[in-house]
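Peer 1: Below: sequence and its predicted model.
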Amino acid sequence: MNPVSIDTELTALLQALARVGGPIQWALLASAVFLGLVSFVPSLEKIRERTLWVVVGLLVSGEVALVWFHWRLYEITAVVSPVTGETTGHVAVSLWVESEKLFVWALILGLMALFAKRHRPELMPGVCFSLALLTIGAVLWGQPFTDPLPQFLGQYRGYLAATASGDINAAVGAYQGMEGSRAYYYNTWYMWIHPPLLFISYGAFVMSFVATLFMWRRRHSAYEETAYRWARLGYLPLTFGMLLGFPWAILAWQGDSWWWSGKVNMSIMMWLLYTAYLHGRLYLRRKGMWRWVALLAMLSFLVLVLTYLTTYIVPGAHSYA
Amino acid sequence: MNSTHETTAHRRSWDFGLTVATVVLLGGLGLQSFVGTLYSWWATRQIPLWQQAGYYDFVDVMNAIAAPQVLALVIVMGLCVPKRLFSRTALVAVSAGMIVAGIVAWAFTGSPAEGLTVYLVLAALIQVAVVVMTIAGARGPSYLTEGRLTKIGSGLLHLGFVIFAVVVVALQRSPFMEPVFWTSTVLITAGTILAFYADKFAVRRTRRVVAED
């Protein structure tokens, strides 16, 4: 293993990603801003629909570029023991960490929007506006093509630098850190299942939230039914995804009181609220109950947004900015 | 006839009471989580070295506040199980019996976790009976939901949650943790799918029958 040549390969890969993804990023930003602007203009309905297709098309193209980037990253990022000189493996960074989280959420919501527009076209202004906000956030905040995976690359390049320094203690420390990250985070099966399940649920909950707003405004039970249908679609992967986190958390964070870390805490709260919403809905026929159920649904979504933001603002086991 | 109506009405109000208790407890824990998160956000910024020095005190306080709520939630969850099977009077007796059994186990072993485990295992056994009776089409179990598949789904997912609670309370360091955990996960997931989408399965089955005709 030659750390210098790996670093050079990494640099070339990042430049290639920026060349391919840079234009996609700018086109996404422009089309998302436009989508946001035309979302609530009834006379521009056709333009809105075409713009939605453009945004989703760009998100899919971007995801294809990111899949290629991750594959090449896996091939390049070898981890070698400084003691034995043997390669212990490569780092399999999943497609939904760090700078790519919002991008995946936007992609999933975009695909759901295409599906939903045939069934509930009146929800599309709210859904398109939400998609526009997510996409703008994914591009400006995440910068998945021009500043990808800052935390991972920082750690891996630190490991390369320590290996190249000739200081065996520094090299062993960096190697052990890299192996720990590989074993308990990057290369675990869990990281390939838990986050996408949650992003599918987040996408469905956006749809449910928009339908709930409609119900609150128009007071029509059909919107309540739509909100429920999307909420149950979101609740299933949310529950399954969170359950999968349990044995992994016991293994990876043994000894830590991980259940009170900010993100876990908020995620449990979000699940509790959605559970309460689905239970409350059983009594929808009681007088005035729909108001409480709708308020619970809106509160649940508010907590979902806060849960997402918690990753970035509250320190804890999930803090991968 | 009147007595049947009365029993149904009692059951419904008991169901509603337990649902409200569940929602209130879930909401209480949710509120505590929110306040805890806000506090840790504030403390990280305002108190020097809070994560190294103050975090463990914070965890102790949070655990102490959550413990009675979690205990109450587990008890309510246990009460939700026999409600499907017993009349109101028998339900009170069965519930009281389960709680007494839990307290006896606690007193005998000196561990509240052991007491909770006994209570949850009893709840799981009753829930197994409920699920078996529902699958067999027996008239005993009462549900708020309509349709046999929905009821089976509801029964399975509640059984899954009771078993998951057993894992959390008693099996975290046990070699049985993984198989029992996966059993609960499969039950919860399959039960949720059935409870949510039973109408779709029912439509497909009806269509197939019609096609065969």
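Peer 2: That came in fine, so what should we check first?

Peer 1: any idea how the chain splits into domains?
Peer 2: With no chain named, the answer covers chain A. Domain ranges of chain A: A:1-187, A:190-321, per automatic domain parsing.

Peer 1: could you do chain B instead?
Peer 2: Split by automatic domain parsing, chain B gives B:1-80, B:94-213.

Peer 1: most packed of those domains?
Peer 2: domain B:94-213 (a mean of 17; mean count of other Cβ atoms under 10 Å in any protein chain shown). (C-beta placed from N, C-alpha, C; glycine too.)

Peer 1: how much space between A:R72 and A:P148?
Peer 2: 12 Å (Cβ to Cβ, to the nearest Å).

Peer 1: again with B:V20
Peer 2: 48 Å.

Peer 1: residue boundaries of the helices in chain B?
Peer 2: With DSSP state H, the ranges of helices along chain B come out as B:2-46, B:50-53, B:55-80, B:88-109, B:112-136, B:148-170, B:177-212.

Peer 1: so where's chain B shaky on pLDDT?
Peer 2: B:1-13, B:78, B:80-88, B:139-146, B:202-213 (pLDDT under 70).

Peer 1: interface residues of it facing chain A?
Peer 2: Residues of chain B found near chain A (Cβ under 8 Å from any Cβ of the partner chain) are B:16, B:19, B:22-23, B:26-27, B:29-30, B:33-34, B:36-37, B:40-41, B:44, B:51, B:56, B:58-59, B:62-63, B:144-145, B:164, B:167-168, B:172, B:177-178, B:181, B:184-185, B:188-189, B:192-193, B:196.

Peer 1: on that earlier part again, more crowded one of A:R72 and A:P148?
Peer 2: The residue with more neighbours, out of A:R72 and A:P148, is A:P148; 23 against 16, by other Cβ atoms under 10 Å in any protein chain shown.

Peer 1: Report how many residues lie close to the nearest residue to the more buried one once chain neighbours are set aside.
Peer 2: Leaving aside its chain neighbours, A:P148 sits nearest to A:S99 (5.5 Å; criterion: Cβ to Cβ, 6 or more residues apart in numbering or on different chains). Neighbourhood size, A:S99 [other Cβ under 10 Å]: 21.

Peer 1: Then A:I6?
Peer 2: A:I6 has 20 neighbouring residues, counting by other Cβ under 10 Å.

Peer 1: can you tell me which helix or strand it belongs to?
Peer 2: A:I6 belongs to helix A:3-38 when elements are defined using DSSP states H and E.

Peer 1: could you say what helices and strands that helix packs with?
Peer 2: The contact analysis (3 or more Cβ pairs under 8 Å, 6 or more residues apart in numbering or on different chains; DSSP states H and E) places helix A:3-38 against helix A:45-76, helix A:124-137, helix A:150-165.

Peer 1: And the second one, what does it pack against?
Peer 2: When you say that, I think you mean helix A:124-137. Counting by 3+ Cβ pairs under 8 Å, 6+ apart, helix A:124-137 packs on helix A:3-38, helix A:45-76, helix A:101-119, helix A:189-218.

Peer 1: May I have it exported as PDB, CA atoms only?
Peer 2: Output of helix A:124-137 as PDB, limited to C-alpha atoms (Å, rounded to 0.1, in the frame of the first residue of the first chain):
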ATOM      1  CA  MET A 124     -49.200  18.400  -5.600                       C
ATOM      2  CA  PRO A 125     -48.600  22.100  -4.900                       C
ATOM      3  CA  GLY A 126     -47.700  21.200  -1.200                       C
ATOM      4  CA  VAL A 127     -45.700  18.100  -2.200                       C
ATOM      5  CA  CYS A 128     -43.800  20.000  -5.000                       C
ATOM      6  CA  PHE A 129     -43.000  22.800  -2.600                       C
ATOM      7  CA  SER A 130     -41.700  20.400   0.000                       C
ATOM      8  CA  LEU A 131     -39.600  18.600  -2.700                       C
ATOM      9  CA  ALA A 132     -38.200  22.000  -3.800                       C
ATOM     10  CA  LEU A 133     -37.200  22.800  -0.200                       C
ATOM     11  CA  LEU A 134     -35.600  19.400   0.300                       C
ATOM     12  CA  THR A 135     -33.700  19.600  -3.000                       C
ATOM     13  CA  ILE A 136     -32.400  23.100  -2.400                       C
ATOM     14  CA  GLY A 137     -31.300  22.000   1.100                       C
END
